[in-house]
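> My questions are about this predicted structure, shown below with the sequence.
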Amino acid sequence: MKTCSDIENLLPLYEEGVLSDAEKRLVEEHLAHCDACFRELADLRKAAALVRGLPEAALPPWFEQKIMAQVRREAESRAKNWFWPLRFKIPVSIAATLVIAVLAVFIYRAGEEPVQSVLPGAPPPAALETMRQTVPAPPPESAKKEAPAPRKKAPALPRPEEGSKAVSAENLADVAAPAAAPAPAAIPEAVETGKDKALDIFSAGQKGIGSGEKRSEMRERSPDRVPAAPAAVLPSPVRLTLRVENPAAAAADVEKIFRQAGARNITQRPGGEGMAVSADLSAEKWKTVRAALGKIGPAVESSGAADEASGGIAATVVLTSR
Amino acid sequence: MRWLSKREEGEKKTSADDDAAYVAACRKGDPEAFAVLVRRHSSKMLTVACRLLGDYDEACDVTQEAFLAAYRSLGSFRADAAFSTWLYRIVVNCAKNRLKKIRILSGRESGPPDEAEGGGCAGLACSAFSDANDPERALEEREINAQVEKCLAALEEDQREVLVLRDVRGFSYGEIREVLKIPEGTVKSRLARARLAMKDCLKKAMGTL
């Protein structure tokens, strides 16, 4: 038989039907013979009725208005704030970090593109030297007259608008080489002009890769390289004076010999007490020409290291009657 | 004895369905839909807050706070629970926080503010029992209710929560478990102790029940 304390905690739940069958049987068996617990159950029932009898709290008149006023204010601020959905999900510090990271990547990529476009297509220093060396330059005396002639070679370069491919260092070198062959003779005075032309040509070629200006700037910042290069290929001046009876007639013969030898830039002009014939030709041809000139008249004067010259020669034959 | 007396099941179901529609409207950015929810639930929420806190003004304050918290958190409300259950949980949590604050301020260990400190819930707020035809009976009822409130306030906080939800609001055990996030066995044991304590308190105060 269970005591009153055994069912004390079961009694408040007994009439709700939430007890198990065993618990319910225990309570019923105990209640059948315990008047005190029966009265306890009645008191529990009355106490519960009193609790249930508590009225609902009346709402103050301003209750709903106060809540809704705040709700409307917040709804309005939400509508104005585009970032409202992110307000708690992404704190400001994280958002700022993300923005900075994205900007950094963007800036890095934006800077990388022009650098990459320049580097693969940029001619190495050797090509730049070649460009400077192969600038078509007129001979000293006729520099002013024939200055436009070498310029005509420039169109041979693949311009960006003519060719879709960007001009690379190899292209520049290849294109520049033929231009060098027909104009081996140049003088130091023409170098500066030629340098400017080379820069123009180079820039024109580089425009195709979008960085010609930068490269020009780079080259202009180191101008000390420029004058040194062309000295190695300048034609050696050679001067030969022949004594002839009729300088004018002999000049025609000399010109003929030069032509047969394949000389270029042949010019005649009055010089000293006779005539002077100038031409550009190679050192090997000069030997042949020199031998042929001996038949025209005896040499009275000779200057220049024609034998030591390995490249071109700027020969001047002076014909005098004395 | 019938313990559940205040809510009709059918009414509860319809209300839950309607609530979902208004909650959806609120989520889409219609703040006026929330006014309907406030109108529909404010009285019940205020009553629970009032029974838990034992002070009408505090209860009004806490209920407003709970409604605003609910509005701000509508995005996190999941439709697998009734809106009212979710709202009750917010009200109970707000009330518990407020009690904690009051205890810290007053230096008391537990329990709601005394009637002397707060106004209680019977005075200004409770109008349902005012019987103009029988003022003597109305006065008697008011005294009884004040005594019941006093005993309710004297209960331990966890017992009071369960008793209010079950015997005042008529929640099922499952709903209480949802609102308080405690196991059903704990609900039962707390409820049994709360009823016994309530009965003893009332018997002591009133002589006989």
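It's in.

> Low-confidence stretches in chain B?
Scanning chain B for pLDDT under 70 picks out the ranges B:1-17, B:108-132.

> Give me the three-state assignment for the residue positioned nearest the centre of chain B.
What sits nearest the mean C-alpha location of chain B, by CA atoms, centre = their mean, is residue B:48, with 1.1 Å. Three-state call for residue B:48 (DSSP: H, G, I helix; E, B strand; the rest coil): helix.

> Burial check on the closest residue to residue A:289 other than its chain neighbours, number of neighbours?
Closest residue to residue A:289 apart from its sequence neighbours, by CB to CB, 6 or more residues apart in numbering or on different chains: residue A:261 at 4.7 Å. Every C-beta, even on glycine, is put in place using the N, C-alpha and C of the backbone. By other CB atoms under 10 Å in any protein chain shown, 20 other residues sit near residue A:261.

> Let's verify the residue nearest to residue B:31 when sequence neighbours are not counted: helix, strand, or coil?
Leaving aside its sequence neighbours, residue B:31 sits nearest to residue A:75 (CB to CB, 6+ apart; 3.9 Å). What three-state DSSP gives for residue A:75 is helix.

> Tell me the pLDDT of residue A:75.
Per-residue confidence at residue A:75 stands at 85 (pLDDT).

> ok, so what distance separates it from residue B:37?
14 Å (CB to CB, to the nearest Å).

> which of those two has more neighbours?
residue B:37 (23 against 18).

> The more buried one belongs to a helix?
Yes. Counting by three-state DSSP, residue B:37 is part of a helix.

> hang on, isn't it packed against residue B:83?
Yes. Between residue B:37 and residue B:83 there is a contact under CB atoms under 8 Å: 7.0 Å.

> Give me the common contacts of those two.
B:19, B:23 (CB atoms under 8 Å, 6 or more residues apart in numbering or on different chains).

> so who does residue A:69 touch?
Residue A:69 touches nothing, counting by CB under 8 Å, 6+ apart.

> related to what we said a few turns ago, what pLDDT does the residue nearest to residue A:289 get?
pLDDT for residue A:261: 87.

> again with residue A:278
At residue A:278, pLDDT is 89.

> now the helices for chain A?
A:4-7, A:11-14, A:21-33, A:35-52, A:63-80, A:92-121, A:125-133, A:143-146, A:148-151, A:169-180, A:188-206, A:212-220, A:247-260, A:283-296 (DSSP state H).

> Spell out which parts of chain A neighbour chain B.
A:8-13, A:15-16, A:18, A:40, A:43-48, A:50-60, A:63-64, A:66-68, A:70-72, A:74-75, A:78-79 (CB under 8 Å from any CB of the partner chain).

> Can you read off the backbone torsions of residue A:8?
Main-chain torsions, residue A:8, degrees, to the nearest 10: phi -60, psi -40.

> Then residue A:10?
phi -90, psi -30.

> who's in contact with it?
Shown in contact with residue A:10 (CB under 8 Å, 6+ apart): A:19, A:23, A:26-27, B:192.

> Make a ChimeraX selection of the buried ones in the residues you listed.
Buried members of these, defined by 16 or more other CB atoms under 10 Å in any protein chain shown, are picked up in ChimeraX with:
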select /A:19,26,27 /B:192
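
> Now flag whichever of the contacts of residue A:10 is closest to residue B:140.
Nearest to residue B:140, judged by CB to CB, of the contacts of residue A:10 is residue B:192 at 29.6 Å.

> any idea which element that closest one lies in?
helix B:184-206 (DSSP states H and E).

> For that helix, list every residue counted as buried.
For helix B:184-206, using 16+ other CB under 10 Å, the buried residues are B:187-188, B:190-199, B:201-203, B:206.

> Could you do stretch B:63-83 as well?
B:63-68, B:70-71, B:77, B:82-83.

> Next one: the residue lying closest to residue B:49 once chain neighbours are set aside from residue B:28, what distance?
Distance criterion CB to CB, 6+ apart; nearest residue to residue B:49, sequence neighbours excluded, is residue B:59 at 3.9 Å. If you measure residue B:59 against residue B:28 using CB to CB, the figure is 31 Å.

> just checking, residue A:241 touches residue A:304?
No. At 11.6 Å, residue A:241 does not count as touching residue A:304 under the criterion of CB under 8 Å.

> Between those two, which has more neighbouring residues?
Taking residue A:241 and residue A:304 together and counting by other CB under 10 Å, residue A:241 has the greater number of neighbours (21 against 17).

> How about the more buried one: what's its closest non-neighbour residue?
In space, residue A:241 is closest to residue A:301, 3.8 Å off (CB to CB, 6+ apart).

> in chain A, which helix or strand is least confident?
Ranked by mean pLDDT, DSSP states H and E, the helix or strand of chain A with the weakest confidence is helix A:169-180, at a mean of 41.

> To which secondary structure element is residue B:174 assigned?
helix B:173-180.

> For that helix, C-alpha coordinates in CSV please.
Extracted in CSV, the C-alpha atoms of helix B:173-180 (Å, rounded to 0.1, in the frame of the first residue of the first chain):
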residue,chain,number,x,y,z
TYR,B,173,2.5,19.8,-22.7
GLY,B,174,4.0,19.8,-26.1
GLU,B,175,3.6,23.5,-26.6
ILE,B,176,5.1,24.2,-23.2
ARG,B,177,8.0,22.0,-24.1
GLU,B,178,8.4,24.1,-27.3
VAL,B,179,8.1,27.4,-25.6
LEU,B,180,10.4,26.7,-22.7
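
> That one near chain A at all?
Yes. Judged by CB under 8 Å from any CB, helix B:173-180 comes into contact with chain A at residue B:173.

> Contacts for that helix next, please.
A:18, B:81, B:85, B:88-89, B:92, B:161-162, B:165-166, B:171, B:182-184, B:187-188.

> hmm, 6 Å instead?
B:85, B:88-89, B:92, B:165, B:184, B:187 (CB atoms under 6 Å, 6 or more residues apart in numbering or on different chains).

> In CSV: the residues you listed, plus secondary structure and distance to residue B:146.
Listed next are the contacts of helix B:173-180 as CSV, based on DSSP: H, G, I helix; E, B strand; the rest coil; distance: CB to CB, whole Å:
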residue, secondary structure, distance to residue B:146
B:85, helix, 30
B:88, helix, 25
B:89, helix, 29
B:92, helix, 23
B:165, helix, 22
B:184, helix, 33
B:187, helix, 28
